[in-house]
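1. 3D, please:
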Amino acid sequence: MTEKDLRKKAMALPLQPGVYIMKNKNKKIIYIGKAKKLKNRVSSYFGSHSNHSLKVIRMVENVNDFDYILCDSEFEALVLECSLIKQHQPKYNILLKDDKGYNYIKITKEEFPRIRECKRMDDDGATYIGPYTSNFSVKQAVEETLKIFKLPRCNKKFPRDYGKSRPCLNGFMNLCSAPCAARIKQEEYAHNVEDAISFLKGGSVKAVREMQAQMLELSENLQFEEAAKLRDRIKAIKNLEEKQKVVSINVPEEDVFALVNSNKKACFEVIRFEHGKLTDTEYWLIEPVDDLPQARFELIERYYSMRERIPSRIAVDGEIADEELLGEFLESKRGRKVEFIHPQKGEHLSIVNMCINNANEHLAQQQGRLGRELAALEELRDLLGLDKLPEYIESYDISHTFGADNVAGMVVFHNGRPMKSAYKRFSIKGFDGQNDVGSMQEVLARRFNHYYNDEEGSTFKILPDLILLDGGEPQVNAVLPVIKSMGLDVPVFGMVKDNKHRTRAIALSGGEIEINSHRQVFTLVSSIQEEVHRFAITYHHNKHKKSTLSTSLTKVDGIGDAKAKALLKHFKTVTAIKNADIDDLIKVPGISEKNARQVFNFYHNL
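-> Below you'll find the predicted structure:
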């Protein structure tokens with residue numbers, strides 16, 4: 001359906017709550033949304049795109065039809081939307097992906113069991129506690145447990161290494177029971193591991209309560225040494241909790257969310273508290289968002305569709321669109337009241353600020369990894385006068401041997417780095433002979449035919465932010481009309497070399513831009529030009545080798561591609577084949593005496 005047809009269909013929808021389901025031409029669901037008034041919401045997609053984000057525009061470009069389901073209320077529509085998104089995982093809905101995997105606490109099966117963190121359950125007889133969604137909480141739990149119950153962290157094997165060495169630093173600091181120095185018997189060690197497992201399963205509050213009762217009982221029975229061990233263990237737990245009060249809050253449970261936006265990426269961060277203690281932290285780097293309140297709604301909704309526990313209180317760093325509706329949705333899942341807070345002062349504000357700072361740090365790390373590339377792209381954008389950052393650059397080069405075996409290579413640089421999964425090769429089909437300008441026209445026409453006709457998922461469906469051609473003004477002037485005739489507006493420039501084949505300038509329709517004084521641009525463009533030349537000429541050499549083979553060996557009677565390859569594999573070069581006698585040729589697998597004689601006669605003009 002055309003966009004006009006889609007708008008006509010949308011205008012016929014009722015002004016009722018419901019869920020709409022966008023599909024592409026293959027009937028695949030690509031987006032699911034909810035609406036208080038279906039007609040108003042769905043029709044807004046198929047009119048002017050001036051108020052739409054780039055993501056929405058790209059989604060609408062791929063919509064071929066839509067379905068809808070009427071609901072009795074906006075709340076019912078939200079519940080249905082969440083269920084359908086979870087079921088179908090549409091491409092344009094998934095802001096967060098639950099791809100962080102699961103984590104387990106492993107208790108090994110051996111005479112002196114070890115407690116470790118791991119990523120999967122193996123069929124090895126060990127005991128596993130989990131799964132946990134957070135690697136942070138598992139690491140923290142294991143570290144706490146090993147400290148409190150003085151269990152070893154080293155790689156020694158017991159009983160093999162039992163009593164065979166002096167204790168390590170942890171043993172001297174009384175952080176380990178040191179079985180390596182025979183300070184603890186196997187029976188006591190096993191008891192400590194059992195207590196550690198109970199601590200991991202029940203948590204510190206329950207463990208302390210049980211240990212206090214056990215300590216009193218031991219004292220009454222005059223078992224003061226055993227009671228003292230429990231006293232020290234309880235003290236260790238309480239000392240650990242005191243240290244954690246630096247990041248604690250005076251409520252039983254609370255989740256804190258922050259959404260920080262930048263030009264390049266956004267970071268969605270969550271810090272989770274249980275029993276007033278920080279127990280988990282997670283973050284996602286996502287595409288920049290246009291509407292922060294709406295993004296918070298969608299991200300928080302998506303987060304709790306991936307996680308089971310919903311706390312009684314949620315602190316957020318800013319406004320949430322339809323906060324009351326989201327609260328009702330979360331309360332229906334939790335079965336109890338959920339409160340949103342927007343802290344303005346006090347400890348809650350300091351925790352929100354910590355969440356924001358963590359998100360900013362993750363963004364800074366991401367940008368730091370790409371800092372040099374981003375700086376070069378920004379300089380290139382300003383130098384060429386582009387409307388936006390050229391994140392996705394395509395570059396083309398033509399290669400041939402005096403007009404024979406014409407080919408083209410296309411390389412892609414994404415965020416300033418080669419994206420080899422998107423590289424493409426073209427064999428020129430429109431003509432024979434040397435015509436670099438005509439070859440470039442053919443290649444660009446074929447490339448953008450793929451843009452319109454390929455299935456979703458093809459890298460040809462990505463419209464480049466910038467095209468760089470290996471060549472000067474003639475190539476640029478030849479390609480611009482081709483792109484314009486296909487209804488596209490993509491900036492095109494050439495890359496000009498000096499007489500030593502080094503990048504000298506960027507060509508445009510009407511002149512050149514000198515880049516030697518722009519160090520970051522010069523480095524980036526030079527690397528793009530070298531890469532596209534390497535890629536194109538490698539393809540040309542491979543094709544030329546096959547072409548040479550087909551005009552030589554395969555002209556011999558009885559020698560096809562398979563036997564020609566066998567001969568080349570054995571002799572390495574055509575010259576060596578020419579110099580071989582019949583006896584040598586017969587030794588090649590698949591070459592009969594008749595074949596050998598024909599090859600020999602062919603090259604010796606007999």
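2. for the stretch 401-550 of the chain, which segments are assigned as strands?
-> 404-414, 417-418, 424-427, 466-470, 492-497, 503-508, 511-514 (DSSP state E, counting those that start in this stretch).
3. next, the angle from the longest one to strand 466-470.
-> The one in question is strand 404-414. 150 degrees (axes from the mean of the first three to the mean of the last three C-alpha atoms, to 10 degrees).
4. circling back: can you redo the strands of the stretch 401-550 of the chain as TSV with mean pLDDT?
-> Output for the strands of the stretch 401-550 of the chain, formatted as TSV (pLDDT from 0 to 100):
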stretch	mean pLDDT
strand 404-414	87
strand 417-418	89
strand 424-427	90
strand 466-470	92
strand 492-497	90
strand 503-508	84
strand 511-514	85
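5. burial-wise, tell me which of the ones you listed comes out on top.
-> Comparing the strands of the stretch 401-550 of the chain by mean neighbour count (mean count of other C-beta atoms under 10 Å), strand 466-470 ranks first with a mean of 25. (Glycine included, C-beta is placed from N, CA and C.)
6. parallel or antiparallel, list what pairs with it.
-> Paired neighbours of strand 466-470 in the sheet (DSSP bridges): strand 392-401 (parallel), strand 492-497 (parallel).
7. would a markdown table of the strands of the stretch 401-550 of the chain with distance to residue 9 be doable?
-> Converted to a markdown table, these look like this (distance: least, C-beta to C-beta, whole Å):
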| stretch | distance to residue 9 |
| --- | --- |
| strand 404-414 | 36 |
| strand 417-418 | 43 |
| strand 424-427 | 37 |
| strand 466-470 | 36 |
| strand 492-497 | 37 |
| strand 503-508 | 44 |
| strand 511-514 | 48 |
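8. circling back to that earlier point, so for residue 605, which of the strands paired with strand 466-470 sits nearest?
-> strand 392-401 (25.9 Å; C-beta to C-beta).
9. for that closest one, buried residues please.
-> 392-400 (16 or more other C-beta atoms under 10 Å).
10. run the chain-centre distance for it.
-> In this view, strand 392-401 has its centroid 28 Å away from the chain centroid, taken as C-alpha atoms, centre = their mean, to the nearest Å.
11. pull that strand out as CSV, backbone CA atoms only.
-> Extracted in CSV, the C-alpha atoms of strand 392-401 (Å, rounded to 0.1, in the frame of the first residue of the first chain):
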residue,chain,number,x,y,z
TYR,A,392,27.8,5.9,7.5
ILE,A,393,30.2,6.5,4.6
GLU,A,394,30.3,4.5,1.4
SER,A,395,33.3,4.7,-0.9
TYR,A,396,33.7,3.3,-4.5
ASP,A,397,36.7,2.6,-6.7
ILE,A,398,37.0,1.1,-10.3
SER,A,399,39.7,-1.3,-11.2
HIS,A,400,40.7,-2.9,-14.6
THR,A,401,43.6,-3.8,-16.8
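12. which residues touch it?
-> 406-414, 428, 434, 436, 439-440, 443-444, 447, 462-471, 495, 528-529, 531-533, 535-537, 539-540, 544 (C-beta atoms under 8 Å, 6 or more residues apart in numbering).
13. of all the strands paired with strand 466-470, which one comes closest to residue 286?
-> The closest of these to residue 286 is strand 392-401. By C-beta to C-beta, the value is 17.7 Å.
14. how about the strands in the stretch 51-200 of the chain?
-> Under the criterion DSSP E, counting those that start in this stretch, the stretch 51-200 of the chain contains strands at 65-70, 103-107, 115-118, 127-132.
15. buried deepest among these, which one?
-> The highest mean neighbour count among those, using mean count of other C-beta under 10 Å, belongs to strand 103-107: a mean of 21.
16. now for it, which elements pack on it?
-> Counting contacts by 3 or more C-beta pairs under 8 Å, 6 or more residues apart in numbering; DSSP states H and E, strand 103-107 is packed against strand 115-118, strand 127-132, helix 135-148, helix 186-220.
17. what about those, which gets the closest to residue 487?
-> That would be helix 135-148 among the helices and strands packed on strand 103-107, by C-beta to C-beta, at 48.1 Å.
18. show me what the closest one is packed against.
-> With contacts defined as 3+ C-beta pairs under 8 Å, 6+ apart, the packing partners of helix 135-148 are strand 103-107, strand 115-118, helix 186-220, helix 224-244, strand 277-286.
19. could you pull up the mean pLDDT of the second one?
-> Predicted confidence along strand 115-118 averages 86 (mean pLDDT).
20. quick check: next helix or strand after the worst-scoring helix or strand of the chain on mean pLDDT?
-> Using mean pLDDT, DSSP states H and E, the weakest-scoring helix or strand in the chain turns out to be helix 224-244, at a mean of 66. Going down the chain from helix 224-244, the next helix or strand is strand 253-261, by DSSP states H and E.
21. leaving out chain neighbours, which residue sits closest to residue 174?
-> In this structure, residue 174 finds its nearest non-sequential neighbour in residue 150, 7.3 Å apart by C-beta to C-beta, 6 or more residues apart in numbering.
22. surely the one you found touches residue 192?
-> Yes. The pair residue 150 / residue 192 is scored as a contact, 7.1 Å apart, by C-beta atoms under 8 Å.
23. more neighbours: those two, which one.
-> Using other C-beta atoms under 10 Å, the more surrounded residue of residue 150 and residue 192 is residue 150, with 22 against 19.
24. neighbouring contacts of whatever helix or strand residue 325 lives in?
-> Using DSSP H and E, residue 325 maps to helix 323-334. Helix 323-334 has contacts (C-beta under 8 Å, 6+ apart) with 74-75, 78-79, 82, 297, 300-301, 304, 310, 314, 320, 337-340.
25. change it to 10 Å
-> For helix 323-334, the external contacting residues (C-beta atoms under 10 Å, 6 or more residues apart in numbering) are 34, 36, 73-75, 77-79, 81-82, 293, 296-298, 300-301, 304-305, 308-312, 314, 316, 320, 322, 336-340, 342.
26. let's test this: mean pLDDT of it, rounded?
-> Across helix 323-334, the average pLDDT comes to 93.
27. okay, buried residues for it please.
-> 323, 325-330.
28. equivalent analysis for stretch 14-23, please.
-> Neighbour-count burial for stretch 14-23 flags 16-23 (criterion: 16+ other C-beta under 10 Å).
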